[in-house]
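S.K.: Build me a structure from this.
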Amino acid sequence: MYTKQEIIISSFRDGKSQRQIARDLQISRKTIRKYLQEHEKALQLAVCKETAQSCNLSSEPVYKMATPRLRLKLTREVETVIDELLEDNERKRGQGLRKQMLKKKDILEELHRRGFDIGYTTVCNHIARRENRVVTKEAFIRQVYQAGETCEFDWGEIKLCIAGKRRSLQLAVFTSAFSNYRYAFIYERQDTLAFMESHVRFFKTISGVYHEMVYDNMRVAVARFVGPHEKEPTRSLLQLRGHYQFRHRFCNIYRGNEKGHVERSVEYVRRKAFAPKDAFTGTLEAQQWLDATLERLNAGKQQGTGKSADELFSQEKDLLGKHPAMELVCSEQVQLRVDKYATISYRTNRYSVPDHLVGEFVDVSVRSRELQVYV
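M.R.: Sure, this is the predicted structure:
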C-alpha cells in the first residue's frame, strides 16, 4: 500500500513522469502504469473526486492469485511407490522395528534408484498431505572440533532375523566428531567385555587412539554418581584409559545432543545397514554386511563439507595418539565346577568339557564371543 501511495502522489502531486518514478522507487514501469490507470479510472467514475482520491490512496492493492501449478514430477506411478514404502514402514512399526524404518530421505534415494526424477520437497509434501499433518522444522547449532581430538561412543539395539529366528542384538558405534568417520560392531549384549573389546577392535582398525572419548551415562562406563554432576568411571573404562592413554568425558543426563554425532550415527548406521536387509544366516554375515555398508557411507560425500569421511579422516589420522604395541586383553577370569553331565554353567548357558573333569574346578577365561577352559 505504501508503494501505491508513493506512485500516485509522485505523479499527481509532484508531476513526475513514469520513467522518473520507476527510477526513484526502483520498481517496474508496468506496475506504475497499472496503479496510475486504476487511480484515473476511479476518479472518472466518482461523484466526489476528493473522497474517491482519499479512499483509493488508503485502499490495499489487489493482487491476482497465481493459478495452481501442475504436478509434473509427482505422477501417479511415483505416488504409488511412495505409498508402498510408507506401508512397508507401517508393517515394520507393527513388528517393533520402528528404528529400522525408512526416512523421507531414504524414500527419495529409493525413487532415484528406480529412475524417477523427483525432488526432496515434493516427496515431503506428498507424505505430509497423506498423513494430514504439518511438518515443523528443527534448528541445530553446529559445533567445531579439532582433527584427531574427539571420538564419541554409544550403543544401539538392532533386531535381526538370524537363521530364521528374530533376535535382539547390540550395535557398538564409534564416530569421529571432526570427520564423521563411523565404525560399528555387532555384539550379543551390552556388557563390559563387549564394551572393552569394541574399543580394542576400533583402535586397531584405525591404527591410533583419539585423545578424548565421549560417553553418556551407560552402566558399562559409569560406576556410580558421586554428585549431581560428577560420575565415577568403571574399572573397565579405567583399564582402557590407562592402556590407550586417552581422556574420557561424560555427557550430562538427558543431553544426547552433547554427543550428537554418535547419537545420530547409531540411528543412521542402523537404518542404512538394516532397513534394506535384516535377515542373515549368522552374526558373522551380518557383521560383513555392516562393514560393507560402513565402507560405502564413509566413502560418500558429506553435505556440509563436500568431502567424504575417509578424506577427512586421512587429515586427522596423523594427529591421533600412538597405538600401543600390545593389545589389551579383554577377558573375565572365573572358576567353575564341572557337573555330573560334564558341563560348566555360565550366565544361564551350559558348555561341554571332557568327562574326566567331572567334579573338578576349572579356570575359565570368558571373552565376548568365546570361553577358554584351563585345567
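S.K.: mind listing the strands in the stretch 251-375 of the chain by residue range?
M.R.: When secondary structure is read from DSSP state E, counting those that start in this stretch, the stretch 251-375 of the chain shows strands at 279-280, 332-337, 343-346, 349-352, 361-366, 371-374.
S.K.: so which of these comes closest to residue 152?
M.R.: The closest approach between residue 152 and any of the strands of the stretch 251-375 of the chain, judged by CB to CB, belongs to strand 332-337 at 26.1 Å. Where C-beta positions appear, they are placed from N, C-alpha and C, glycine not excepted.
S.K.: Which residues are in contact with residue 244?
M.R.: Contact criterion CB atoms under 8 Å, 6 or more residues apart in numbering gives 199, 203, 209, 321, 323-324, 328 as the residues in contact with residue 244.
S.K.: That one and residue 93: what is the separation?
M.R.: Shown here: residue 244 relative to residue 93, a distance of 41 Å by CB to CB, to the nearest Å.
S.K.: can you check residue 308 too?
M.R.: Taking CB to CB as the measure, residue 308 falls 33 Å from residue 93.
S.K.: Flag the shaky bits of the chain, pLDDT-wise.
M.R.: Scanning the chain for pLDDT under 70 picks out the ranges 1-2, 47-71, 133-141, 227-229, 252-263, 368.
S.K.: Could you list the domains of it?
M.R.: If you go by automatic domain parsing, the domain ranges for the chain are 2-58, 76-131, 150-319, 332-374.
S.K.: Throw these into a markdown table and include distance to residue 144, thanks.
M.R.: As requested, these are arranged in a markdown table below (distance: least, CB to CB, whole Å):
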| stretch | distance to residue 144 |
| --- | --- |
| domain 2-58 | 40 |
| domain 76-131 | 25 |
| domain 150-319 | 9 |
| domain 332-374 | 36 |
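S.K.: most neighbours per residue, which of those?
M.R.: Mean neighbour counts were compared across these using mean count of other CB atoms under 10 Å; the top stretch is domain 150-319, at a mean of 17.
S.K.: Now do the end-to-end distance for that one.
M.R.: Domain 150-319 has an end-to-end distance of 11 Å (criterion: CA to CA, to the nearest Å).
S.K.: Turn the contacts of residue 244 into CSV, columns for distance to residue 158.
M.R.: Rendered in CSV, the data for those read as follows (distance: CB to CB, whole Å):
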residue, distance to residue 158
199, 20
203, 23
209, 27
321, 30
323, 29
324, 31
328, 26
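S.K.: which ones among those are found in helices?
M.R.: Among the contacts of residue 244, DSSP state H puts 199, 203 in helices.
S.K.: biggest separation within the contacts of residue 244, which pair?
M.R.: Of all pairs drawn from these, the widest gap by CB to CB lies between 321 and 328 and measures 14.2 Å.
S.K.: Tell me the helix or strand right after the biggest helix by length in the chain.
M.R.: The residue-count maximum for a helix in the chain (DSSP H) belongs to helix 76-94. Of the helices and strands lying after helix 76-94 in sequence (DSSP states H and E), the nearest is helix 104-113.
S.K.: Tell me the helices and strands packed up against that following helix.
M.R.: Using 3 or more CB pairs under 8 Å, 6 or more residues apart in numbering; DSSP states H and E as the contact criterion, the secondary-structure elements in contact with helix 104-113 are helix 76-94, helix 120-131.
S.K.: Which one of the ones you listed lies nearest to residue 10?
M.R.: Ranking the helices and strands packed on helix 104-113 by distance to residue 10, with CB to CB as the measure, places helix 120-131 first at 40.8 Å.
S.K.: CA atoms of that closest one as CSV?
M.R.: What follows is the C-alpha trace of helix 120-131 in CSV, where atoms were taken according to Å, rounded to 0.1, in the frame of the first residue of the first chain:
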residue,chain,number,x,y,z
TYR,A,120,13.0,-34.0,-1.8
THR,A,121,10.4,-31.2,-1.1
THR,A,122,7.9,-32.9,-3.4
VAL,A,123,8.3,-36.2,-1.6
CYS,A,124,7.9,-34.5,1.8
ASN,A,125,4.8,-32.5,0.7
HIS,A,126,3.2,-35.7,-0.6
ILE,A,127,3.9,-37.6,2.7
ALA,A,128,2.6,-34.6,4.7
ARG,A,129,-0.6,-34.5,2.7
ARG,A,130,-1.0,-38.2,3.1
GLU,A,131,-0.6,-38.0,6.8
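S.K.: Any idea how far it is from the middle of the chain?
M.R.: When C-alpha coordinates are averaged (CA atoms, centre = their mean, to the nearest Å), helix 120-131 and its chain have centres 20 Å apart.
S.K.: circling back: now do the longest helix of the chain and helix 104-113, the angle between them.
M.R.: For helix 76-94 against helix 104-113, the angle between stretch directions is 140 degrees (axes from the mean of the first three to the mean of the last three CA atoms, to 10 degrees).
S.K.: now the angle between helix 120-131 and helix 76-94, please.
M.R.: Computed by the same axes, to 10 degrees, the angle separating helix 76-94 from helix 120-131 equals 60 degrees.
S.K.: Return the distance of helix 76-94 from the chain's centre.
M.R.: For helix 76-94, the separation from the chain centroid amounts to 21 Å (computed by CA atoms, centre = their mean).
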